[in-house]
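Chemist: Sequence isn't available, so here's the structure alone:
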Ligand SMILES: Nc1ncnc2c1ncn2[C@@H]1O[C@H](COP(=O)(O)OP(=O)(O)OP(=O)(O)O)[C@@H](O)[C@H]1O
C-alpha cells in the first residue's frame with residue numbers, strides 16, 4: 001500500500017523534494033558508486049525514504065528557529081581548524097559513511113533553508129553538498145552539524161567572524177580568545193589605533209550579537225527544549241510500511257509515500273546486511289512495491305533517533321551556555337566601549353586644553369623673543385658705545401704714551417749725545433796718551449828692534465860666516481882626513497916600499513947620473529909638445545870659424561835652393577774618397593817618380609755627332625800627392641820651408657780648395673801641417689842652441705770671417721776689435737789686440753791649437769758637415785839671436801787654412817750661409833788677383849832689370865790689390881817678393897766635385913806659373 005500524500009501544501013513539499021533531488025544530484029560526496037544492478041533502485045528508495053524523513057524533520061525544523069547559514073568559501077574552510085577525526089563526542093560515524101546520513105544532513109540543511117527565502121536555499125544546498133563531499137570522512141554527524149548550524153549567528157564577515165563557522169562549536173570562546181589576542185597584540189600599538197580597533201571589533205560584535213539576540217528574541221517563546229519535549233516518535237513510525245507492489249518513480253510526487261510511516265533514515269547498503277542479520281525474521285518493508293531496498297530495523301532507528309535527540313539536547317544546552325557567555329562578553333565589551341568612549345572624550349578635552357595651552361605658551365615665547373631681541377639690540381648699542389669710548393680712551397692713552405716715549409727718547413738721546421761727547425773726549429785724550437805712549441814704546445821698540453835686527457844680522461852674518469867657514473873647512477877637513485888617510489896609507493906603503501925605494505933610490509941615483517947627462521934633449525921635447533898644442537888650438541878655432549861660415553853658406557844655399565824652387569810653390573793633394581758609393585772622377589798621376597803631374601778627365605762632352613769628346617786635362621805642380629799619401633809625407637816636403645822661417649824668412653803656407661776637399665785635415669788636424677811645423681820649429685830651435693842661437697816664439701791665431709778679423713785665442717765673451725798694421729820698415733805685420741802666446745814648450749803649442757780650432761767658425765754645408773766658414777791664419781813670429789856671433793834673425797811663419805771655395809749655385813745655401821759663401825768667394829778671388837798682380841809685377845821687373853834679386857823694387861812700383869780683402873791685406877808681407885809662399889791645392893776625388901776640382905786646379909796652375917821674385921831675409 002502506498003502511503004497517502006501528506007496534508008502539507010503540495011508546493012512546499014515539492015520544493016523541498018526538488019531541492020533534495022537537486023542537492024542529491026549535485027552532491028559531490030565520497031559515497032562509493034552503487035553497483036550497476038542495484039544503483040537505480042537503491043537510490044530511488046533512498047531518495048524516497050529521505051524525502052519522507054525530511055518531511056518529518058521538516059516539521060521539527062520549521063518550529064525551531066535557526067539563523068541563516070552563510071555559505072563558506074574554500075579559503076574560509078581552509079582556515080578552519082581541523083576537527084579531530086576520532087572525536088569521542090562525535091556521534092557514531094555510520095552517518096558519515098552512509099549516504100542516507102548525508103542525505104539527512106542535507107535534508108536538515110535544506111529544512112533550515114525553507115524557513116528562509118529561496119535564494120539562500122540553493123546556496124545552502126550547494127554548501128551542504130560541498131561539505132559532504134569534501135569532509136565526509138572527518139565531519140561531525142549531519143545531525144550535530146545541523147544542530148550547530150541552528151545557533152550560528154549570521155555574520156557579515158564570513159568565516160573570519162567568531163560565529164561564522166558552523167563547524168566550530170567554541171566560536172564564542174574563539175571570539176573571546178581572538179579579542180584577547182587582538183587586545184594583546186594591540187597593547188604595543190598606539191592608543192588611537194587600539195581604540196579604533198576595539199571600536200571596530202565592538203561594532204562587529206554588536207552586529208553579530210544583534211543577530212543572535214534577534215534570533216533569540218524571535219524564538220523566545222518557542223523554546224527548543226519545549227519543542228524537543230514535544231518531539232517524539234510515534235509508534236506508527238515504528239510500524240512497518242507496506243511496500244507498494246508496483247514500482248513508482250521517486251520523482252513523481254504522487255508516488256511519494258506518506259511521511260509519517262516512512263522511517264527516519266534510509267539504511268545504507270552496508271547496514272542492510274547487518275539489519276538483516278540482527279532481525280532475520282522481521283518483515284521487510286519497502287518504499288515502493290518496486291524497490292528492492294530493505295528498510296532498517298525500527299528499534300535501531302528509534303535508538304538512533306533517541307541518541308540524536310540526546311545529542312541535540314546536549315548541543316542546545318551547550319549553545320545556550322555559549323549564548324549566555326556571549327551575552328556577558330557583549331555586556332563586557334559594551335562597558336569597555338563606554339569606558340573607552342569616555343576616555344576618548346576626556347583625551348580629546350585634554351588635547352584641546354593642551355593645544356590652547358600650547359598656543360598661549362607660543363604667544364608667550366614670541367613675546368619673550370621680541371623682548372629679548374630688543375634687549376639684545378639695546379645691549380649691543382650700549383656695548384658699541386662703550387667700545388667707542390674705550391677706543392677713544394685707548395687712543396688718547398696711546399698718544400700720551402707715545403708723546404711720553406718720544407720725550408723720553410729725546411731726553412735719552414740728548415743724554416746719550418752728551419755722554420758720547422764726554423766719552424769721546426775722554427777717549428781722544430786717552431787715545432792721545434796711549435798714542436804717545438805707544439809711539440814712545442814703538443820708537444823704543446823700533447830702536448830695540450833695529451838693535452836686535454843689527455844684532456841678528458850680525459849673528460846671521462857670523463852664522464853664515466861660520467857656516468861658510470864650516471863648509472869651507474868641511475871639505476878641507478874631509479880632504480885633510482883623506483890626505484891623512486892617504487898619508488897613513490902612503491906611510492904604510494912607504495914603510496912597505498922603503499926597502500924597494502931604497503933600491504929604487506939606488507937605481508934612480510944611477511939614472512940621475514945618466515939623466516944629468518941627457519937634460520938638454522928633454523927640455524927641447526917639452527917645448528915641442530907645447531908648440532904642437534898651441535897649433536891644435538889655433539886649428540880648432542879656425543875650424544869653428546869655418547863651421548860658422550859653412551852654416552851661413554848652408555843658409556844661403558838653402559835659401560837659394562828655395563828661391564830656385566820658386567817663391568810661390570804649389571803642391572797638389574788629392575784626398576781619398578770618403579764613401580764607397582760615390583763615383584770617382586778619373587785622375588791619373590803620369591810621373592810616379594817625380595810626382596809633379598796629374599791628369600784629370602774633364603766633364604763629359606759630346607760633339608754634334610754624339611761622339612764623346614771629353615778632354616783629359618793635364619796639370620803640373622811642384623808636387624802632387626795622391627790619395628794614398630799621408631800628412632807625414634806631405635810635411636816632409638814642406639819642412640825646409642819651416643826651416644826658412646827659423647832662418648829669418650817670412651813663410652806663408654796656405655791651403656786652397658773647394659769645401660770638403662781636405663784643407664783643414666791637411667793644415668789643422670792633429671797631425672796636420674801646423675802642429676808638425678810647430679814641433680819642428682821647437683826641436684830645431686833647441687838644436688840651434690848649441691850653435692849659439694836662442695829663439696823666442698810668439699804665436700797668435702786669428703780668423704777672417706765675413707771680412708772681419710776675430711781673435712781665436714782671446715776672450716770669447718768680450719771680443720776686441722782687431723786691426724792690421726804693417727811695419728814696412730821692419731817688414732813686420734802686427735794684429736793689434738790679438739792675443740799673443742809665447743810658446744816655450746810643446747804642450748803649450750797643443751793647447752793653443754785645440755783652443756783655436758774649437759773657436760773657429762764652422763757650419764754644416766751640403767758638401768761638409770764641419771765646413772770652415774772663415775779663413776784661419778796662424779801667425780808665428782820667430783826671433784833668434786846668436787850669442788856667439790851676435791847675429792839676429794826674424795822670421796814669420798803664416799799657416800793659413802782658407803775657407804772652402806764653392807759656387808753659390810752648388811752650395812744651395814741661404815741667409816747667413818749665403819752671406820758667408822759670398823764673402824769667402826770674394827776674398828778668394830782677391831787672393832787670386834793679388835797673386836796674379838804679383839806675377840805681372842815680377843814679369844815687368846824681370847823685363848826691365850833682368851834680375852831676380854831686384855824685383856822687390858819693381859813690385860813696389862806695381863799696384864798689388866792687397867787691400868781688396870782682409871785676407872790679402874793680412875798676408876801682404878807674406879805674399880810679396882821677400883817671402884816664401886806655398887799653396888796647397890786640395891782636390892776631392894769624387895766625380896760630383898769634378899767641376900770645382902778643375903776650377904781649383906786651373907787656379908792653382910795659374911798661381912804656380914807666377915814668379916814673384918826672390919825672397920829676402922827680414923831686416
Ligand atoms: N787625406 C785625407 N785622408 C783622409 N781623410 C781626409 C783627407 N782629407 C780630408 N779628409 C776628410 O774629409 C773630410 C773633409 O775634410 P776637411 O774638413 O779637411 O775639408 P775642408 O777642405 O777643410 O772643408 P771646408 O772648406 O768646408 O772646411 C773630413 O772628414 C776629413 O777627415
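Modeler: Here it is on my side, so go on. From a predicted model like this one, the values you see are computed outputs, not experimental measurements.
Chemist: Backbone dihedrals for residue 892, both of them.
Modeler: Here is the backbone geometry of residue 892 (degrees, to the nearest 10): phi -90, psi 140.
Chemist: Would you agree it is in contact with residue 627?
Modeler: No: judged on Cβ atoms under 8 Å, residue 892 makes no contact with residue 627 at a distance of 10.1 Å. In this view, the C-beta of every residue, glycine as well, is placed from N, C-alpha and C.
Chemist: Quickly list what's touching both of those two.
Modeler: 574, 575 (Cβ atoms under 8 Å, 6 or more residues apart in numbering).
Chemist: Quick one: the strands in the stretch 801-923 of the chain, in order.
Modeler: With DSSP state E, counting those that start in this stretch as the criterion, the stretch 801-923 of the chain has strands at 883-891.
Chemist: For the ligand, what is the nearest residue in it?
Modeler: As assessed by Cβ to the nearest ligand atom, the ligand sits closest to residue 804 within the stretch 801-923 of the chain, at 2.6 Å.
Chemist: What is the burial count for that residue?
Modeler: Neighbours of residue 804 under the rule other Cβ atoms under 10 Å: 26.
Chemist: pLDDT below threshold where in the stretch 651-800 of the chain?
Modeler: For the stretch 651-800 of the chain, the stretches flagged by pLDDT under 70 are 717, 746, 761-771.
Chemist: quick one: which of residue 892 and residue 627 has more around it?
Modeler: It is residue 892, of residue 892 and residue 627, that has more neighbours when counted by other Cβ under 10 Å, with 27 against 15.
Chemist: Look up how far residue 410 lies from the residue nearest to the more buried one when sequence neighbours are not counted.
Modeler: Computed as Cβ to Cβ, 6 or more residues apart in numbering, the closest residue to residue 892 that is not its neighbour in sequence is residue 661, at 4.5 Å. Distance, residue 661 to residue 410, using Cβ to Cβ, to the nearest Å: 90 Å.
Chemist: coming back round to it: any idea how far the residue of the stretch 801-923 of the chain closest to the ligand is from residue 828?
Modeler: Distance of residue 804 to residue 828, computed by Cβ to Cβ: 9 Å.
Chemist: residues from this protein in reach of the ligand?
Modeler: 575-576, 578, 657, 659-665, 768, 770-772, 803-804, 890 (Cβ under 6 Å from any ligand atom).
Chemist: Of those, keep whichever come out buried.
Modeler: 575, 657, 659-665, 768, 771-772, 803-804, 890 (16 or more other Cβ atoms under 10 Å).
Chemist: tell me what the strand or helix carrying residue 458 is packed against?
Modeler: Following DSSP states H and E, one finds residue 458 within helix 298-515. Of the remaining helices and strands, those touching helix 298-515 by 3 or more Cβ pairs under 8 Å, 6 or more residues apart in numbering; DSSP states H and E are helix 142-151, helix 171-187, helix 191-218, helix 224-230, helix 235-238.
Chemist: Can you pull out the low-pLDDT segments for the stretch 801-923 of the chain?
Modeler: Checking the stretch 801-923 of the chain against pLDDT under 70 turns up 806-815, 841-862, 880-882, 915-923.
Chemist: Do you have the helices of it handy? List them.
Modeler: Taking DSSP state H, counting those that start in this stretch as the test, the helices found in the stretch 801-923 of the chain are 808-811, 816-849, 855-861, 870-874, 876-879, 898-912.
Chemist: Reformat those as CSV; add distance to residue 618 and mean neighbour count.
Modeler: As requested, the helices of the stretch 801-923 of the chain are exported to CSV (distance: least, Cβ to Cβ, whole Å; neighbours: other Cβ atoms under 10 Å):
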stretch, distance to residue 618, mean neighbour count
helix 808-811, 25, 14
helix 816-849, 21, 18
helix 855-861, 29, 18
helix 870-874, 29, 23
helix 876-879, 27, 22
helix 898-912, 10, 20
